[in-house]
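K.L.:
Just to be clear, the model below is a prediction. Sequence and coordinates:
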Amino acid sequence: MNHLEINKYIIKILKLNGSTEEGDALFKLNCIGYHGITARGLVGLDLHSITQRLNDKEIIKQVTGGLTPPMPNFEINPLYRSNLLKYLHSLE
């Protein structure tokens, strides 16, 4: 994705109102091997309070770009990404 496409993707995600429950399910399918079942960290970071350390745009860029190896990049449906953001906010 180029810079303009990434910005459009981020704007689309931020306009949606995700579901915590759907985000939790998405997290469990894709992220527990890296962040652990409770998101407290395993190979990857503890995600509790991540939304206090990074804003939503930064989180989207992090996940979309896989900016912290070995995290892969994920270009998923904007609604799924919105759900994941809602879930991350629930970890505060």
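P.N.:
Yep, that arrived. Numbering: from 1, shown residues only.

K.L.:
before we move on, what SS does the residue lying closest to A39 once chain neighbours are set aside have?
P.N.:
Spatial nearest neighbour of A39, excluding adjacent residues (C-beta to C-beta, 6 or more residues apart in numbering): L47 at 4.2 Å. For the C-beta atoms, the positions are set from N, CA and C on the backbone; glycine is no exception. Counting by DSSP: H, G, I helix; E, B strand; the rest coil, the backbone at L47 sits in coil.

K.L.:
Can you list the buried residues in the strand or helix carrying I10?
P.N.:
Here I10 sits within helix 3-15, counting by DSSP states H and E. Buried residues in helix 3-15, counted by 16 or more other C-beta atoms under 10 Å: I6, Y9, I10, I13.

K.L.:
of all the residues you listed, which comes closest to T20?
P.N.:
I13 (15.3 Å; C-beta to C-beta).

K.L.:
Turn the buried residues of helix 3-15 into JSON lines, including distance to I37 and pLDDT.
P.N.:
Listed next are the buried residues of helix 3-15 as JSON lines, based on distance: C-beta to C-beta, whole Å; pLDDT from 0 to 100:
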{"residue": "I6", "distance to I37": "30", "pLDDT": "79"}
{"residue": "Y9", "distance to I37": "28", "pLDDT": "87"}
{"residue": "I10", "distance to I37": "28", "pLDDT": "90"}
{"residue": "I13", "distance to I37": "25", "pLDDT": "93"}
